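Engineer: Structure, please.
(chains A, B, C and D)
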Number of protein chains: 2
Amino acid sequence: MNMIKKQASKPVQQDTKQPVHEQVYQTLRAMILFGELAPGQAVTIQGLTDSLGVGMTPVREAIRRLMSEGALMFQGNRRISVPVLTQEDLRQVIFVRKSIEAELARRAAQKMTPAAVEALDHLDIALDLAIETGDVSGYLRSNYDFHALLYAIADAPILTEMADRLWLRFGPSLRVVCGRFGTQNLPDRHKEMLDALRAGDAEGVARAMEQDVEQGMEQMLGVLSENEA
Amino acid sequence: MNMIKKQASKPVQQDTKQPVHEQVYQTLRAMILFGELAPGQAVTIQGLTDSLGVGMTPVREAIRRLMSEGALMFQGNRRISVPVLTQEDLRQVIFVRKSIEAELARRAAQKMTPAAVEALDHLDIALDLAIETGDVSGYLRSNYDFHALLYAIADAPILTEMADRLWLRFGPSLRVVCGRFGTQNLPDRHKEMLDALRAGDAEGVARAMEQDVEQGMEQMLGVLSENEA
DNA sequence: AGGGGCAGAATATGATCAAATTTTTCGGTG
DNA sequence: CACCGAAAAATTTGATCATATTCTGCCCCT
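Structural biologist: Numbering: from 1, shown residues only, chains lettered A, B, ... in the order given. This is a model prediction of the structure:
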C-alpha cells in the first residue's frame, strides 16, 4: 500500500498564467511518462492535494483527464492506479503506434527543413549520451523528445495527440524494462531516420520509424512475457 | 439565504450507482455524438450546471474529459466549444480510422459467434429502416451501435477506445452532412461485412470495413470542401 | 469468525475571488 | 443633433478552495 508521499516540498506555484489544474496535469503526466510512477502504483486524490499543496478540484480534473488518456485507471472501488500493461494491451499499442508514427514520420519528412534536421540530430546525440552513461531517466526523456519533435514538425495535431497518448500507456512499463536491462539493449533507428530525412526520402523515414517502433516495442513484449509467466 | 430554486430543464436522472460526473459525461457525449450540439457551438460550465441541475465540479470533470478526447475544444480565452472539423483534420481521422477499424473488424471476425452475427444483423436492419424513413438521429445511432458492437466483440479495449474517440471527433460534422443531404446518399458496406463474417473470412471483413470507413469519410470530405471553399 | 463502529477517502455543493466580456455612459466630432 | 468610440461599471463565467455528505475498507469487540 505504497502511496505517494511527498511533503509540500513541491509547491506547483510555478507560473502565474497557467491554471493550476494544467500544472497538476503536466506534473503527473511527466511522473507517469518518465517513470516516477510505476505500473500498478496507486494514487489518491487527497495524497496529491497534500503533496502538491493545491485544492482537490484541480487534482480531480487532472486525474480525470489522465484516466481518459489511459495513463491512470479506475480500479473499481474508488481506487486509482497506474495501469499494468498486459501483453495483449501492448500488442494493440504496437499496432496503432506503427501505423500512426509511420504516418507522422512521413508527414514530417515532407515538411522537413535543415534547421529541423539539425535539431533532431542534437536530440539524438543527447540520447546516445544517455545510453552510454546508463542514464535511464535521460534516455526516456531524450527518446520521447526526439519523437515529440518529429510530431511537431509533422504538424498533424490529431495524429500527434493519439501518438502522445500511446506513450502514456507504455511509458511506465518502458521504464521498468530499462530499469531491469539497462539502456544498452535498446537500439533505435534514429540514425536511419536522419539519413532518410536528409535524402528527402519520406517513405524511407516512415519505414525506419516503423522499424524503430517495432524493435523497441517487441523488446518490451519480451520482458512482459517473462513477468507475466 | 438561497431561496432561488434551481430550474433544471433537463435533470440528470438519479441512476443510483453512477457518479454524477459520469452521468454528465455520458449525457454530453451523447449530445455531441448524435448531433444535439453542432460544430462550433459554444458551451459554458455554468450554463451546464444550471441546465443539468448539478454542481460545477462534476461538470468540470466531464468537460475536461471531453476536451481531452477532442470532443470539446478550448477556444482561447474562456470559450469552450465543439470543434469545427477542417478537411485536414478529417484526413487525419480517416487515416487512423481506416487502420484501427479494419484491425478491430479483423479481430471481431476471429471471435465471432452466430449469436453475435445475429445481433449485428438486427442492428443493420434497424439502420436500413432509419435510412428509408429519413430518420437522421436514428441513422446516426444505429450506425454507431453497429460499429460499437463490433468493437465489443473484437475485445480489444485500447483499440476500441481510440476508435470511439474518433467518432467523437467527426460525429458533429457527420450530423451536419446528414442534415444537408439526407440519409439516402450514405451507403455502407455492412452487408458485405456480414457476408464475410458468416463466411469466416477475417480479411474480407477487414477490407469491407476499410471500404465502409473510406466511403463514408470521403463523402464527408466532399461536403466539408464545399463549406470551406 | 462475524458484525458493528470508526477512520479516511472520494463525491458533490456552495462560496469566494479573479478575469473577461458585455453594457452603459459620456464626451467629442462631423 | 445624431453618431462613433472609448472608458468604466456591471454582469457573466471560470478557477479554486473549504466543507458537508456518503461510501468503503479496516479494525476491534463480542
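Engineer: contacts and neighbour counts: CA atoms only from here.
Structural biologist: Will do.
Engineer: what's the nearest residue to the residue sitting nearest the centre point of chain A if we skip its chain neighbours?
Structural biologist: Chain A has residue A:167 as the residue nearest its centroid, 3.6 Å off, counting by C-alpha atoms, centre = their mean. Nearest residue to residue A:167, sequence neighbours excluded (C-alpha to C-alpha, 6 or more residues apart in numbering or on different chains): residue A:33, at 7.1 Å.
Engineer: who's in contact with that neighbour?
Structural biologist: A:167, A:168, A:171, A:172 (C-alpha atoms under 8 Å, 6 or more residues apart in numbering or on different chains).
Engineer: can you check residue A:221 too?
Structural biologist: Counting by C-alpha under 8 Å, 6+ apart, residue A:221 touches A:87, A:90, A:91.
Engineer: Just checking stretch A:201-212 against chain B, any contact.
Structural biologist: No - against chain B, stretch A:201-212 shows no contacts by C-alpha under 8 Å from any C-alpha of the partner chain, the least distance being 14.5 Å.
Engineer: Which positions in that stretch come out as buried?
Structural biologist: Going by neighbour count (16 or more other C-alpha atoms under 10 Å in any protein chain shown), the buried part of stretch A:201-212 is A:201, A:202, A:203, A:204, A:205, A:206, A:207, A:208, A:209, A:210, A:211, A:212.
Engineer: buried residues in stretch A:36-46?
Structural biologist: Neighbour-count burial for stretch A:36-46 flags A:37, A:38, A:39, A:40, A:41, A:42, A:43, A:44, A:45 (criterion: 16+ other C-alpha under 10 Å).
Engineer: chain center to the longest helix along chain A, what's the gap?
Structural biologist: Longest helix of chain A, by residue count under DSSP state H: helix A:202-228. Centre-to-centre, helix A:202-228 and its host chain are 14 Å apart (C-alpha atoms, centre = their mean, to the nearest Å).
Engineer: any idea how far the residue of chain A found nearest DNA strand C lies from DNA strand D?
Structural biologist: Across chain A, the shortest distance to DNA strand C (C-alpha to the nearest atom of the strand) belongs to residue A:44, at 3.3 Å. Relative to DNA strand D, residue A:44 is positioned 13 Å away (C-alpha to the nearest atom of the strand, to the nearest Å).
Engineer: nearest spatial neighbour of that residue, skipping sequence neighbours?
Structural biologist: Nearest non-adjacent residue to residue A:44, counting by C-alpha to C-alpha, 6+ apart: residue A:80, 6.6 Å away.
Engineer: Ok, residue A:134 next?
Structural biologist: residue A:183 (5.8 Å).
Engineer: Just confirm that neighbour is within a strand.
Structural biologist: No - counting by DSSP: H, G, I helix; E, B strand; the rest coil, residue A:183 is not found in a strand; it is coil.
Engineer: Tell me where chain A has strands.
Structural biologist: A:42-43, A:73-74, A:80-81 (DSSP state E).
Engineer: do stretch A:105-124 and chain B meet?
Structural biologist: No - under the criterion of C-alpha under 8 Å from any C-alpha, chain B is not reached by stretch A:105-124; the shortest gap measures 10.9 Å.
Engineer: got a list of contacts for that stretch?
Structural biologist: Contact with stretch A:105-124 is made by A:142-143, A:145-146, A:149-151, A:153-155, A:190, A:194, A:197-198, A:200-203, A:205-206, A:209, as judged by C-alpha under 8 Å, 6+ apart.
Engineer: If you rank the contacts of residue A:221 by neighbours, which is first?
Structural biologist: Ranked by neighbour count (other C-alpha atoms under 10 Å in any protein chain shown), the contacts of residue A:221 have residue A:90 at the top, with 21 neighbours.
Engineer: on that earlier part again, turn the contacts of residue A:221 into TSV, including distance to residue A:159.
Structural biologist: Compiled in TSV, the contacts of residue A:221 are given as follows (distance: C-alpha to C-alpha, whole Å):
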residue	distance to residue A:159
A:87	24
A:90	19
A:91	19
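Engineer: Spell out which parts of chain A neighbour DNA strand C.
Structural biologist: With the criterion set to C-alpha under 7 Å from any atom of the strand, chain A comes near DNA strand C through A:43, A:44, A:45, A:46, A:47, A:56, A:57, A:60, A:78, A:79, A:80.
Engineer: Domain-wise, how is chain A divided?
Structural biologist: A:20-81, A:87-228 (automatic domain parsing).
Engineer: With mean pLDDT as extra columns, can I get those domains in a markdown table?
Structural biologist: What follows is the domains of chain A, written out as a markdown table (pLDDT from 0 to 100):
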| stretch | mean pLDDT |
| --- | --- |
| domain A:20-81 | 91 |
| domain A:87-228 | 92 |
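Engineer: Which among those is found nearest to residue B:99?
Structural biologist: domain A:87-228 (7.2 Å; C-alpha to C-alpha).
Engineer: Over to the closest one now: how far is its first residue from its last?
Structural biologist: Length of domain A:87-228, first residue to last, C-alpha to C-alpha, to the nearest Å: 8 Å.
Engineer: tell me which parts of chain A are close to chain B?
Structural biologist: A:57, A:60-61, A:64-65, A:68-69, A:89, A:92-93, A:96, A:99-100, A:156-159, A:162.
Engineer: Of those, select the buried ones using a PyMOL command.
Structural biologist: Those of those that count as buried under 16+ other C-alpha under 10 Å are selected in PyMOL with:
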select buried, chain A and resi 57+60+61+64+65+68+69+89+92+93+96+99+100+156+158+159+162
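Engineer: Among the residues of chain A next to chain B, name the ones in helices.
Structural biologist: Members of these lying in helices (criterion: DSSP H): A:57, A:60-61, A:64-65, A:68, A:89, A:92-93, A:96, A:99-100, A:157-159, A:162.
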